[in-house]
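Engineer: coordinates only, no sequence provided:
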């Protein structure tokens, strides 16, 4: 199940830059004695806009940007109301022990953020230093003190829920509606008609989704390496393929240059013909390579393939066979029951997909499938149910806790509407940047 902590941490990171205030920051929101300056709100709005554009892969309209500003102001009003109400009942202060715990958590989270950025920049060739990472975080307003203040704000919210919304009976129907609205529906809308995005974010990213698109089956494989003598015998053919690929790339570049600099499409005709010729020669080189590879490989692996088939016929477990013969013994191929494979997947060679699609029912085994990855023998492990993710008992317990908190929050939001009449509220949205 997706971690609620990860979502809260993302929210926390969005709030932290906003906590670095300049002394001359104008006040945008005032609730009683609690103030929120432009520096706090503008950073939160900017990060919210950027996150939305990354997730949707589209730029926000002016109306949508304005909505983000309105939402940020409303969040500040609610935060201010909560702090004022807690002051009224004497529950806003923190003990030394509580502050010490929050500071330790803040420091740990700051160090995790720092390390995450450092690991990324170390992989680049820009020559960044540790001091530059620290300076960058400081410029953005990220510090353990900023995270500490954000954690205190989050703790105030929890206190308000416990103090003012303590009684609530959670029903199965309420949990189901919460699950569908907050988890299932967003994933369905995101992935149902975008298989490439699903495979990129969920499968390649090794993440969890609450929705699985139609058409996936679990495929396990016994992956065999090509015998050394096959690789040696294919050196000339491999060199021809590489040369043909280089010529295709060079002629494609010339087509692009001609299209950019020529006065008419007639200028592209010659380079285009060269490109098409190069593509045909590459196709022929690959075909010759594949045919020779198959001709050399099949006799050498025949005994192994027959042994695998015999063990399958004898009812030996596929995981035992994979451990005995396959070079692919990773968790997905073994403990997780196989790779999710779809007819339109982009993650597998065409030969692999074609062979996987020809398997008729779970338990079927393919013949040898030759790709650049090796020799695959595919096992149709199961159909992967489409639709909602089946929750484990642990996930369901977490869901119940999350749902209870969600509905308590809904109750708190109703109370916040009533509290707005109890305190003087002042807003200046015109001070925020467009």
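Structural biologist: All right, it came through fine. Values in this document were obtained by computation on a predicted structure and should not be read as measured data. Numbering: from 1, shown residues only.

Engineer: helices or strands next to the longest helix anywhere in the chain in the packing?
Structural biologist: Longest helix in the chain, counting residues (DSSP state H): helix 266-313. Here helix 266-313 touches strand 217-224, helix 228-233, helix 235-261, helix 318-325, strand 369-371, strand 374-383, going by 3 or more Cβ pairs under 8 Å, 6 or more residues apart in numbering; DSSP states H and E. Bear in mind the C-beta positions are built from the backbone N, C-alpha and C, glycine included.

Engineer: need those in JSON lines (columns: mean neighbour count).
Structural biologist: Shown next, in JSON lines, are the helices and strands packed on helix 266-313 (neighbours: other Cβ atoms under 10 Å):
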{"stretch": "strand 217-224", "mean neighbour count": "23"}
{"stretch": "helix 228-233", "mean neighbour count": "13"}
{"stretch": "helix 235-261", "mean neighbour count": "14"}
{"stretch": "helix 318-325", "mean neighbour count": "17"}
{"stretch": "strand 369-371", "mean neighbour count": "19"}
{"stretch": "strand 374-383", "mean neighbour count": "21"}
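
Engineer: phi, psi of residue 37?
Structural biologist: phi -90, psi 170 (degrees, to the nearest 10).

Engineer: model confidence score at residue 207, please.
Structural biologist: Residue 207 is assigned a pLDDT of 87 by the prediction.

Engineer: can you count the residues close to it?
Structural biologist: A count of nearby residues for residue 207, using other Cβ atoms under 10 Å, gives 9.

Engineer: count the residues that sit near the closest residue to it other than its chain neighbours.
Structural biologist: Leaving aside its sequence neighbours, residue 207 sits nearest to residue 201 (Cβ to Cβ, 6 or more residues apart in numbering; 6.3 Å). Using other Cβ under 10 Å, residue 201 has 15 neighbouring residues.

Engineer: how close does residue 201 sit to residue 416?
Structural biologist: Using Cβ to Cβ, to the nearest Å, residue 201 is found at 34 Å from residue 416.

Engineer: quick one on the thing from earlier: from the chain's centre, how far out does the longest helix of the chain sit?
Structural biologist: Centroid separation between helix 266-313 and its chain, computed with Cα atoms, centre = their mean, to the nearest Å, is 34 Å.

Engineer: show the average pLDDT along that helix.
Structural biologist: Across helix 266-313, the average pLDDT comes to 94.

Engineer: list phi and psi for residue 389.
Structural biologist: Per-residue torsions, residue 389: phi -70, psi 130 (degrees, to the nearest 10).

Engineer: burial count for it?
Structural biologist: So residue 389, with other Cβ under 10 Å, has 18 neighbours.

Engineer: OK, contacts around it?
Structural biologist: Applying Cβ atoms under 8 Å, 6 or more residues apart in numbering, we find residue 389 in contact with 184, 208, 209, 210, 211, 212.

Engineer: which pair of those residues spans the longest distance?
Structural biologist: Across the contacts of residue 389, no pair lies farther apart than 184 and 208, at 12.3 Å, counting by Cβ to Cβ.

Engineer: so between those two, which is more surrounded?
Structural biologist: Between residue 184 and residue 208, counted using other Cβ under 10 Å, residue 184 has the larger neighbour count: 17 against 12.
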